[in-house]
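Colleague: Need the 3D shape of this:
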Amino acid sequence: MHFFYELKEDQMEIYEKESVHYPPHIHKSMECIYVTSGTLELGVGETLCHMEPGDFGVVFPNVIHHYQVFSREESRALYFLAPPSFAGFFSEQLLTCQPLGPVVPSGHVHRDIPYALERLRELENPRDARLGKIKDEEELPGTVLRQAFTQVILARALPFLELRRREEQPGHDIVYDAVVYMAKHYGDEEVSLTKMAQDLGYSPFALSRVFSGTFHTNFNQYLNELRLNQAVALLQSSEDSITDVAMNAGFTSMRTFNRVFQERFHTTPREYRKRHAAEVDI
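Modeller: Sure, this is the predicted structure:
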């Protein structure tokens, strides 16, 4: 998963994976989360919502959100991201409203939701690539089905979410500004809390309170989280050397990179890449 604005108007992503701590981020896509095992905390703005197996969450486009896992047992969830254009009739609600609480409890999750998610997974199954290039005129049905299943999910979920117009929600401009700034500048060598405060026009103290009070971390830890996620994406998708991965993710010291990577993943970057390649082969 990337930080924001990663999907084009005709793209979607859906995958089941282990849930881990993921720092506050924002993107233009809507994001749905269906917990399959363990527990997960979904944070939207300053609200932290506990999720159990079978619970379903919806994050509207352009809304700051993050994930935390407090339980020692493995937590897994199905993550589905789609552009607002897939929502059809519901796209205006996604763009102009926001739920007071983003989670539909398992008892209210209609069976159509997991069914639609499974069908979407089938449409994205990589093994279909073996069939060769699909003709342009054959691509339309797949797109129509993706949009249709997306709208089924929203039709079953939105009635259980209390929506409010976005302009009626309490403003969190400093939080939004902090997330967007960090997403744009985490790769810069000179990024710092002081420089960020100067660039945004806030006091360092006010920004520090955002990190501690809203993000439950400090500036350096948040910065390392962003850089680690970028490094993981590079380890998985490129053949760059470990040093180049670290530098391209914004780390200026291999010692720091190896330390924070080991602390989070309990393995080295090299072993992580080997393990990921083996899983892909399987």
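Colleague: can you map out the strands along the stretch 151-282 of the chain?
Modeller: Applying DSSP state E, counting those that start in this stretch to the stretch 151-282 of the chain gives strands spanning 163-165.
Colleague: In contact with Val35, which residues?
Modeller: Taking CB atoms under 8 Å, 6 or more residues apart in numbering, we find Val35 in contact with 19, 51-56, 75-77. From N, CA and C alone the C-beta is placed, and that goes for glycine too.
Colleague: from the residues you listed, which ones fall inside strands?
Modeller: Among those, the ones falling in strands (DSSP state E) are 51, 56, 76-77.
Colleague: What's the per-residue pLDDT of Val144 here?
Modeller: With respect to pLDDT, Val144 scores 87.
Colleague: ok, and it, which helix or strand is that part of?
Modeller: Element membership for Val144, per DSSP states H and E: helix 136-157.
Colleague: quick one: that helix to chain centroid distance?
Modeller: 21 Å (CA atoms, centre = their mean, to the nearest Å).
Colleague: Only the buried residues of that helix, if you could.
Modeller: Buried residues in helix 136-157, defined by neighbour count with 16 or more other CB atoms under 10 Å: 146-147, 149-157.
Colleague: tell me which of the contacts of Val35 is nearest to Ala233?
Modeller: The shortest gap between Ala233 and any of the contacts of Val35 belongs to Ser19, at 17.2 Å (CB to CB).
Colleague: Surely the closest one and Val69 touch.
Modeller: Yes: using CB atoms under 8 Å, Ser19 is in contact with Val69, at 5.4 Å.
Colleague: These two - which one has more neighbours?
Modeller: Ser19 (25 against 18; other CB atoms under 10 Å).
Colleague: And the more buried one, its phi and psi?
Modeller: Dihedral pair for Ser19: phi -80, psi 130, per degrees, to the nearest 10.
Colleague: residues contacting it?
Modeller: By CB under 8 Å, 6+ apart, Ser19 lies in contact with 35, 38, 40, 67, 69, 75-77.
Colleague: Most neighbours out of the residues you listed, which is it?
Modeller: That'd be Ala77 among the contacts of Ser19, by other CB under 10 Å, with 27 neighbours.
Colleague: how close does that one get to Ser85?
Modeller: To Ser85, Ala77 is 24 Å away according to CB to CB, to the nearest Å.
Colleague: What of Thr96?
Modeller: Distance from Thr96 to Ser85, by CB to CB: 15 Å.
Colleague: about what we covered before: quick check: neighbours shared by Ser19 and Val69?
Modeller: 38, 40, 75.
Colleague: For Gln93, pull up the helix or strand it's in.
Modeller: Assigned by DSSP H and E, Gln93 falls in helix 91-96.
Colleague: Just the CA atoms from the helix holding Val144 would do, formatted as PDB, please.
Modeller: Taking C-alpha atoms only, helix 136-157 is exported to PDB below (Å, rounded to 0.1, in the frame of the first residue of the first chain):
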ATOM      1  CA  ASP A 136      -9.700  -3.600 -25.600                       C
ATOM      2  CA  GLU A 137     -13.300  -4.500 -26.300                       C
ATOM      3  CA  GLU A 138     -13.100  -7.300 -23.700                       C
ATOM      4  CA  GLU A 139     -11.900  -5.000 -20.900                       C
ATOM      5  CA  LEU A 140     -15.200  -3.200 -20.400                       C
ATOM      6  CA  PRO A 141     -17.100  -6.100 -18.700                       C
ATOM      7  CA  GLY A 142     -14.300  -6.300 -16.100                       C
ATOM      8  CA  THR A 143     -14.500  -2.600 -15.400                       C
ATOM      9  CA  VAL A 144     -18.300  -2.700 -15.200                       C
ATOM     10  CA  LEU A 145     -18.200  -5.600 -12.700                       C
ATOM     11  CA  ARG A 146     -15.700  -3.800 -10.500                       C
ATOM     12  CA  GLN A 147     -17.900  -0.800 -10.400                       C
ATOM     13  CA  ALA A 148     -21.000  -2.900  -9.800                       C
ATOM     14  CA  PHE A 149     -19.500  -4.800  -6.900                       C
ATOM     15  CA  THR A 150     -18.100  -1.500  -5.400                       C
ATOM     16  CA  GLN A 151     -21.600   0.000  -5.500                       C
ATOM     17  CA  VAL A 152     -23.100  -3.200  -3.900                       C
ATOM     18  CA  ILE A 153     -20.700  -2.800  -1.000                       C
ATOM     19  CA  LEU A 154     -21.600   0.800  -0.500                       C
ATOM     20  CA  ALA A 155     -25.300   0.200  -0.800                       C
ATOM     21  CA  ARG A 156     -25.100  -2.400   2.000                       C
ATOM     22  CA  ALA A 157     -22.700  -0.400   4.200                       C
END
